[in-house]
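> Below: sequence and its predicted model.
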Amino acid sequence: MEHSLDFTSLSWRKGLPLSTPFITDSDMASFQSYQQQFSPASHVIFGKPESSSALLIITIFTKGPGVGITGMRFDYANGERKVWGVCKGAALNFFLNGIGESIAMVETCQIGPVVSKLKLTTNLQRTCIFPGQSRGFVEYNVKATSHKYIAAHHGNIIGFCGCFVGSQGSLACLGFFTDTSIVCGSSSLDHSPETFFTDSMEDFTVSFRIHGKFKSQITLDKHYDSVQTSVESAGAEFREQGQIVGLLFRSSGSDYPELIGQWVEPGEKYHLAANESILDVDITKWRGPSNTPRYASWTYQVKNIALVTSRQTLQWSQGDRNAKELKPALITWNFNAVFDYITVEPGDGPGNCCSGASRKTL
(Lines give C-alpha, C1' and ligand atoms only; values in the text may rest on other atoms or scores of the structure.)
Protein backbone atom coordinates (compact mmCIF):
# COMPACT_ATOMS: atom_id res chain seq x y z
CA MET A 1 0.00 0.00 0.00
CA GLU A 2 1.03 3.62 -0.46
CA HIS A 3 2.44 5.24 2.67
CA SER A 4 0.14 7.72 4.37
CA LEU A 5 2.91 10.17 5.31
CA ASP A 6 3.46 13.17 3.07
CA PHE A 7 6.50 12.66 0.84
CA THR A 8 7.31 16.34 1.36
CA SER A 9 8.52 15.40 4.85
CA LEU A 10 11.56 13.79 3.21
CA SER A 11 14.73 15.65 2.29
CA TRP A 12 15.21 15.66 -1.49
CA ARG A 13 18.22 16.43 -3.67
CA LYS A 14 17.49 19.17 -6.21
CA GLY A 15 14.09 20.00 -4.71
CA LEU A 16 10.75 18.28 -4.27
CA PRO A 17 9.21 16.20 -7.08
CA LEU A 18 6.40 18.00 -8.89
CA SER A 19 4.11 14.97 -8.56
CA THR A 20 3.47 12.44 -5.81
CA PRO A 21 5.54 9.23 -5.98
CA PHE A 22 4.26 5.79 -5.04
CA ILE A 23 6.25 4.53 -2.03
CA THR A 24 5.42 1.38 -0.07
CA ASP A 25 5.29 1.34 3.72
CA SER A 26 8.55 -0.58 3.99
CA ASP A 27 10.36 1.69 1.52
CA MET A 28 9.06 4.82 3.25
CA ALA A 29 10.55 3.51 6.49
CA SER A 30 13.84 2.95 4.62
CA PHE A 31 13.70 6.48 3.18
CA GLN A 32 13.26 7.91 6.66
CA SER A 33 16.06 5.74 8.08
CA TYR A 34 18.51 6.89 5.41
CA GLN A 35 17.52 10.50 6.02
CA GLN A 36 18.95 10.09 9.52
CA GLN A 37 22.19 8.86 7.90
CA PHE A 38 22.37 12.05 5.80
CA SER A 39 21.32 10.28 2.59
CA PRO A 40 18.64 12.47 0.96
CA ALA A 41 16.16 11.07 -1.54
CA SER A 42 16.45 11.85 -5.25
CA HIS A 43 14.24 11.34 -8.29
CA VAL A 44 14.14 11.27 -12.08
CA ILE A 45 11.20 11.61 -14.49
CA PHE A 46 12.08 9.89 -17.77
CA GLY A 47 8.62 9.74 -19.38
CA LYS A 48 8.28 7.76 -22.60
CA PRO A 49 9.17 8.15 -26.30
CA GLU A 50 6.92 10.76 -27.90
CA SER A 51 7.17 9.87 -31.60
CA SER A 52 7.90 6.93 -33.89
CA SER A 53 11.48 8.13 -34.42
CA ALA A 54 12.22 8.75 -30.73
CA LEU A 55 14.39 5.95 -29.35
CA LEU A 56 14.85 6.11 -25.59
CA ILE A 57 18.00 4.37 -24.32
CA ILE A 58 17.84 3.35 -20.67
CA THR A 59 21.25 2.60 -19.16
CA ILE A 60 21.67 1.15 -15.68
CA PHE A 61 25.11 1.15 -14.07
CA THR A 62 26.48 -1.40 -11.59
CA LYS A 63 29.86 -2.20 -10.07
CA GLY A 64 28.85 -5.80 -9.31
CA PRO A 65 26.13 -7.93 -7.67
CA GLY A 66 27.23 -7.04 -4.15
CA VAL A 67 26.99 -3.30 -4.91
CA GLY A 68 23.80 -3.42 -6.96
CA ILE A 69 22.64 -0.43 -8.99
CA THR A 70 24.63 2.80 -8.64
CA GLY A 71 22.96 4.98 -11.25
CA MET A 72 20.67 5.29 -14.27
CA ARG A 73 20.84 7.35 -17.43
CA PHE A 74 18.20 8.15 -20.04
CA ASP A 75 19.24 9.22 -23.56
CA TYR A 76 16.69 10.62 -26.00
CA ALA A 77 16.73 10.89 -29.79
CA ASN A 78 16.84 14.70 -29.62
CA GLY A 79 20.14 14.57 -27.71
CA GLU A 80 18.65 15.22 -24.28
CA ARG A 81 20.12 13.24 -21.39
CA LYS A 82 18.90 12.69 -17.82
CA VAL A 83 21.16 11.21 -15.13
CA TRP A 84 20.15 9.71 -11.80
CA GLY A 85 22.78 8.59 -9.30
CA VAL A 86 26.41 7.96 -10.30
CA CYS A 87 26.93 6.54 -13.79
CA LYS A 88 30.12 4.51 -13.29
CA GLY A 89 30.70 0.77 -13.63
CA ALA A 90 29.28 -1.69 -16.15
CA ALA A 91 26.66 -0.09 -18.42
CA LEU A 92 23.60 -2.30 -19.02
CA ASN A 93 21.22 -1.08 -21.73
CA PHE A 94 17.58 -1.33 -22.81
CA PHE A 95 15.94 0.37 -25.80
CA LEU A 96 12.40 1.79 -25.89
CA ASN A 97 10.93 2.55 -29.31
CA GLY A 98 8.57 5.44 -29.98
CA ILE A 99 5.84 3.20 -31.44
CA GLY A 100 3.77 3.63 -28.30
CA GLU A 101 6.10 1.61 -26.08
CA SER A 102 6.46 2.45 -22.39
CA ILE A 103 7.36 0.87 -19.05
CA ALA A 104 4.26 -0.88 -17.66
CA MET A 105 5.72 -3.05 -14.89
CA VAL A 106 8.84 -3.15 -12.72
CA GLU A 107 9.98 -6.11 -10.62
CA THR A 108 12.77 -5.84 -8.06
CA CYS A 109 14.80 -8.11 -5.82
CA GLN A 110 16.28 -6.60 -2.70
CA ILE A 111 19.18 -8.42 -1.04
CA GLY A 112 19.45 -7.00 2.45
CA PRO A 113 19.30 -3.20 1.97
CA VAL A 114 20.44 -3.20 -1.69
CA VAL A 115 18.18 -3.24 -4.78
CA SER A 116 20.14 -5.98 -6.54
CA LYS A 117 17.89 -6.77 -9.53
CA LEU A 118 15.48 -4.73 -11.59
CA LYS A 119 13.25 -6.22 -14.29
CA LEU A 120 11.50 -3.85 -16.71
CA THR A 121 8.47 -4.95 -18.74
CA THR A 122 6.93 -2.75 -21.42
CA ASN A 123 3.33 -2.53 -22.58
CA LEU A 124 4.49 -4.53 -25.64
CA GLN A 125 5.60 -7.37 -23.32
CA ARG A 126 9.30 -6.84 -23.96
CA THR A 127 11.43 -7.41 -20.87
CA CYS A 128 14.94 -6.72 -19.68
CA ILE A 129 16.61 -7.69 -16.41
CA PHE A 130 19.28 -5.53 -14.78
CA PRO A 131 21.87 -6.81 -14.17
CA GLY A 132 20.96 -9.03 -17.13
CA GLN A 133 22.43 -12.56 -17.34
CA SER A 134 24.72 -11.62 -14.47
CA ARG A 135 26.81 -13.83 -12.25
CA GLY A 136 28.76 -12.94 -9.20
CA PHE A 137 29.36 -13.29 -5.49
CA VAL A 138 26.60 -12.40 -3.03
CA GLU A 139 26.72 -12.81 0.74
CA TYR A 140 24.93 -15.90 2.11
CA ASN A 141 22.08 -15.88 4.65
CA VAL A 142 20.77 -12.42 3.84
CA LYS A 143 17.03 -11.99 3.42
CA ALA A 144 15.91 -11.52 -0.16
CA THR A 145 12.60 -9.81 -0.92
CA SER A 146 10.93 -9.49 -4.31
CA HIS A 147 8.48 -6.74 -5.32
CA LYS A 148 6.25 -6.26 -8.37
CA TYR A 149 4.92 -2.83 -9.35
CA ILE A 150 2.30 -2.55 -12.13
CA ALA A 151 0.91 0.66 -13.61
CA ALA A 152 -2.86 0.28 -13.25
CA HIS A 153 -5.47 0.96 -15.96
CA HIS A 154 -2.95 0.47 -18.81
CA GLY A 155 -0.88 3.34 -17.47
CA ASN A 156 2.84 4.03 -17.63
CA ILE A 157 5.67 4.12 -15.11
CA ILE A 158 7.39 7.39 -15.97
CA GLY A 159 9.91 7.95 -13.17
CA PHE A 160 11.84 6.62 -10.17
CA CYS A 161 12.80 7.91 -6.76
CA GLY A 162 15.13 6.40 -4.18
CA CYS A 163 18.24 6.75 -2.01
CA PHE A 164 21.81 5.94 -3.07
CA VAL A 165 23.68 4.98 0.10
CA GLY A 166 27.01 3.72 1.41
CA SER A 167 30.55 4.19 0.12
CA GLN A 168 29.59 2.64 -3.27
CA GLY A 169 26.38 4.64 -3.67
CA SER A 170 24.07 1.62 -3.90
CA LEU A 171 20.37 2.06 -4.64
CA ALA A 172 18.73 0.93 -1.41
CA CYS A 173 15.03 1.80 -1.71
CA LEU A 174 12.78 2.60 -4.65
CA GLY A 175 9.60 4.53 -5.42
CA PHE A 176 7.75 5.24 -8.66
CA PHE A 177 5.99 7.96 -10.60
CA THR A 178 3.13 6.99 -12.92
CA ASP A 179 0.45 8.70 -15.00
CA THR A 180 -2.21 6.54 -13.28
CA SER A 181 -1.64 4.50 -10.11
CA ILE A 182 0.38 1.48 -8.95
CA VAL A 183 -0.61 -2.07 -8.01
CA CYS A 184 2.11 -3.58 -5.80
CA GLY A 185 2.87 -7.00 -4.37
CA SER A 186 5.86 -8.37 -2.45
CA SER A 187 7.16 -11.67 -1.13
CA SER A 188 10.21 -13.12 0.60
CA LEU A 189 12.33 -15.52 -1.42
CA ASP A 190 12.89 -18.93 0.14
CA HIS A 191 16.18 -19.69 -1.61
CA SER A 192 19.45 -18.07 -0.66
CA PRO A 193 20.59 -14.88 -2.43
CA GLU A 194 23.59 -16.74 -3.88
CA THR A 195 21.38 -19.18 -5.83
CA PHE A 196 19.28 -16.24 -7.03
CA PHE A 197 22.31 -14.88 -8.85
CA THR A 198 24.23 -17.91 -10.10
CA ASP A 199 24.04 -21.65 -10.42
CA SER A 200 27.81 -22.19 -10.52
CA MET A 201 30.85 -20.24 -9.42
CA GLU A 202 33.53 -22.82 -10.19
CA ASP A 203 34.83 -21.09 -13.33
CA PHE A 204 34.90 -17.57 -11.92
CA THR A 205 37.97 -15.46 -11.55
CA VAL A 206 38.13 -13.10 -8.58
CA SER A 207 37.13 -10.31 -10.97
CA PHE A 208 33.84 -11.98 -11.89
CA ARG A 209 33.12 -12.86 -8.27
CA ILE A 210 33.42 -9.21 -7.28
CA HIS A 211 32.27 -7.29 -10.35
CA GLY A 212 29.84 -9.78 -11.91
CA LYS A 213 29.71 -11.10 -15.46
CA PHE A 214 27.33 -9.69 -18.06
CA LYS A 215 26.70 -11.36 -21.41
CA SER A 216 25.69 -9.91 -24.77
CA GLN A 217 25.47 -11.67 -28.16
CA ILE A 218 24.73 -10.90 -31.79
CA THR A 219 24.28 -13.19 -34.81
CA LEU A 220 25.49 -11.67 -38.08
CA ASP A 221 22.85 -13.43 -40.18
CA LYS A 222 21.26 -10.37 -41.80
CA HIS A 223 22.16 -7.12 -43.47
CA TYR A 224 22.89 -4.18 -41.17
CA ASP A 225 22.58 -0.59 -42.31
CA SER A 226 25.19 0.78 -39.91
CA VAL A 227 27.67 -0.11 -37.19
CA GLN A 228 28.65 2.38 -34.49
CA THR A 229 31.29 2.12 -31.79
CA SER A 230 30.47 2.81 -28.15
CA VAL A 231 33.27 4.56 -26.28
CA GLU A 232 34.01 5.10 -22.60
CA SER A 233 33.25 8.52 -21.21
CA ALA A 234 35.46 10.66 -19.01
CA GLY A 235 35.78 9.65 -15.39
CA ALA A 236 35.61 5.86 -15.76
CA GLU A 237 37.36 4.15 -12.87
CA PHE A 238 39.16 1.35 -14.73
CA ARG A 239 39.03 2.40 -18.40
CA GLU A 240 40.49 5.21 -20.47
CA GLN A 241 38.38 7.97 -21.97
CA GLY A 242 37.52 7.13 -25.58
CA GLN A 243 38.22 3.41 -25.17
CA ILE A 244 35.89 1.18 -27.22
CA VAL A 245 33.46 -0.78 -25.03
CA GLY A 246 30.78 -1.95 -27.48
CA LEU A 247 29.33 -2.04 -30.99
CA LEU A 248 25.80 -0.95 -31.95
CA PHE A 249 24.22 -2.46 -35.09
CA ARG A 250 21.19 -0.88 -36.78
CA SER A 251 18.96 -2.44 -39.44
CA SER A 252 16.02 -0.96 -41.35
CA GLY A 253 14.20 -4.25 -40.83
CA SER A 254 14.14 -3.88 -37.03
CA ASP A 255 12.56 -1.34 -34.68
CA TYR A 256 15.43 -1.77 -32.21
CA PRO A 257 19.21 -1.63 -32.57
CA GLU A 258 21.34 -4.60 -31.49
CA LEU A 259 24.21 -4.13 -29.07
CA ILE A 260 27.22 -6.18 -28.03
CA GLY A 261 29.19 -4.90 -25.08
CA GLN A 262 28.10 -1.64 -23.45
CA TRP A 263 26.54 1.56 -24.76
CA VAL A 264 28.18 4.46 -22.94
CA GLU A 265 28.91 7.30 -25.39
CA PRO A 266 28.42 7.34 -29.19
CA GLY A 267 31.60 6.87 -31.21
CA GLU A 268 32.42 6.54 -34.91
CA LYS A 269 29.56 5.35 -37.13
CA TYR A 270 29.89 3.44 -40.41
CA HIS A 271 27.06 3.03 -42.94
CA LEU A 272 27.11 -0.21 -44.94
CA ALA A 273 26.11 -0.26 -48.61
CA ALA A 274 23.11 -2.32 -49.73
CA ASN A 275 25.31 -5.21 -50.92
CA GLU A 276 27.98 -4.89 -48.24
CA SER A 277 28.31 -7.61 -45.59
CA ILE A 278 30.45 -8.08 -42.47
CA LEU A 279 33.17 -10.70 -42.98
CA ASP A 280 35.34 -10.58 -39.88
CA VAL A 281 36.01 -8.92 -36.55
CA ASP A 282 39.45 -8.42 -35.05
CA ILE A 283 40.18 -7.25 -31.51
CA THR A 284 43.25 -5.40 -30.25
CA LYS A 285 43.39 -6.09 -26.52
CA TRP A 286 45.44 -4.80 -23.60
CA ARG A 287 45.64 -5.13 -19.82
CA GLY A 288 44.00 -1.79 -19.11
CA PRO A 289 45.20 1.37 -17.32
CA SER A 290 47.78 1.15 -14.55
CA ASN A 291 45.09 1.14 -11.82
CA THR A 292 43.27 -1.87 -13.30
CA PRO A 293 43.24 -4.83 -10.85
CA ARG A 294 45.41 -7.75 -12.02
CA TYR A 295 43.12 -10.66 -11.15
CA ALA A 296 44.31 -13.18 -13.74
CA SER A 297 46.77 -13.36 -16.62
CA TRP A 298 44.08 -13.80 -19.30
CA THR A 299 41.87 -10.88 -18.23
CA TYR A 300 41.96 -7.93 -20.61
CA GLN A 301 40.08 -4.98 -22.05
CA VAL A 302 39.28 -4.10 -25.65
CA LYS A 303 41.69 -1.46 -26.94
CA ASN A 304 40.53 -1.22 -30.57
CA ILE A 305 38.34 -3.10 -33.06
CA ALA A 306 38.80 -3.84 -36.77
CA LEU A 307 35.62 -4.68 -38.67
CA VAL A 308 36.22 -6.28 -42.06
CA THR A 309 33.44 -5.90 -44.63
CA SER A 310 33.16 -7.12 -48.20
CA ARG A 311 34.37 -3.68 -49.31
CA GLN A 312 36.99 -2.55 -46.79
CA THR A 313 38.53 -2.82 -43.33
CA LEU A 314 37.28 -0.15 -40.95
CA GLN A 315 40.13 1.66 -39.24
CA TRP A 316 39.06 1.10 -35.65
CA SER A 317 42.16 -0.98 -34.93
CA GLN A 318 45.90 -0.98 -35.40
CA GLY A 319 45.64 -4.41 -37.00
CA ASP A 320 44.40 -5.61 -40.37
CA ARG A 321 42.99 -8.93 -41.55
CA ASN A 322 42.43 -10.76 -44.79
CA ALA A 323 38.76 -10.42 -45.75
CA LYS A 324 38.74 -14.02 -47.05
CA GLU A 325 39.25 -15.52 -43.60
CA LEU A 326 36.52 -16.70 -41.22
CA LYS A 327 33.16 -14.98 -41.48
CA PRO A 328 31.75 -14.58 -37.96
CA ALA A 329 28.29 -16.02 -37.31
CA LEU A 330 27.98 -15.36 -33.58
CA ILE A 331 29.84 -12.81 -31.44
CA THR A 332 29.64 -13.06 -27.65
CA TRP A 333 30.88 -10.13 -25.57
CA ASN A 334 31.11 -10.81 -21.82
CA PHE A 335 32.04 -7.83 -19.68
CA ASN A 336 31.94 -6.15 -16.29
CA ALA A 337 33.15 -2.83 -14.90
CA VAL A 338 36.79 -3.91 -15.29
CA PHE A 339 37.26 -6.51 -18.06
CA ASP A 340 36.01 -7.82 -21.43
CA TYR A 341 36.04 -11.38 -22.73
CA ILE A 342 34.98 -11.93 -26.36
CA THR A 343 34.48 -15.05 -28.46
CA VAL A 344 33.66 -15.31 -32.18
CA GLU A 345 32.09 -18.42 -33.68
CA PRO A 346 32.53 -18.81 -37.45
CA GLY A 347 29.68 -19.60 -39.82
CA ASP A 348 29.45 -21.19 -43.26
CA GLY A 349 28.53 -18.10 -45.24
CA PRO A 350 30.49 -16.38 -48.04
CA GLY A 351 34.00 -15.43 -47.05
CA ASN A 352 34.52 -18.45 -44.79
CA CYS A 353 37.28 -20.62 -46.19
CA CYS A 354 37.40 -22.80 -43.07
CA SER A 355 33.89 -24.26 -42.72
CA GLY A 356 33.45 -26.15 -39.46
CA ALA A 357 36.39 -24.45 -37.77
CA SER A 358 36.36 -24.29 -33.97
CA ARG A 359 35.56 -21.19 -31.95
CA LYS A 360 38.30 -18.57 -31.81
CA THR A 361 38.89 -16.45 -28.72
CA LEU A 362 40.07 -12.91 -29.37
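Right, received. Where do you want to start? Numbering: from 1, shown residues only.

> End to end on stretch 242-261, go ahead and measure it.
Terminal residues of stretch 242-261 are spaced 15 Å apart (CA to CA, to the nearest Å).

> Buried residues in it, which are they?
Residues of stretch 242-261 classed as buried: 243-250, 257-261 (neighbour count, 16 or more other CB atoms under 10 Å). (Glycine included, C-beta is placed from N, CA and C.)

> Sort out which of the residues you listed are in strands and list them.
Judged by DSSP state E, the buried residues of stretch 242-261 include I244, V245, G246, L247, L248, F249, R250, E258, L259, I260, G261 as members of strands.

> Pretty sure D340 is one of the things the last one touches, is it not?
Yes - between G261 and D340 there is a contact under CB atoms under 8 Å: 7.1 Å.

> which residues do the two both contact?
Common neighbours of G261 and D340, counting by CB atoms under 8 Å, 6 or more residues apart in numbering, are V245, V302, W333.

> can you pull up the bridge partners for the one residue sitting closest to the centre of the chain?
In the chain, the residue lying closest to the centroid (CA atoms, centre = their mean) is L92, at 0.7 Å. For L92, the beta-bridge partners under DSSP bridges are I60.

> okay, now the domains of this protein?
Following automatic domain parsing, one finds the domains of the chain at 7-211, 214-361.

> Run the chain-centre distance for the last one.
This points to domain 214-361. Centre-to-centre, domain 214-361 and its host chain are 17 Å apart (CA atoms, centre = their mean, to the nearest Å).

> mean confidence score for it?
The average pLDDT within domain 214-361 is 75.

> and the gap between V302 and T219?
Counting by CB to CB, to the nearest Å, the separation of V302 from T219 is 20 Å.

> More neighbours: the two, which one.
Neighbour totals were compared for V302 and T219, and V302 leads with 25 against 12 (other CB atoms under 10 Å).

> Could I get the contacting residues of the residue nearest to the more buried one when sequence neighbours are not counted?
Sequence neighbours aside, D340 is the residue nearest to V302 in space, at 4.9 Å (criterion: CB to CB, 6 or more residues apart in numbering). Contacts for D340 (CB under 8 Å, 6+ apart) come out as V245, G261, K285, Y300, Q301, V302, W333, N334.

> just S226 next, same as before
Counting by CB under 8 Å, 6+ apart, S226 makes contact with F249, R250, K269, Y270, H271, L272.
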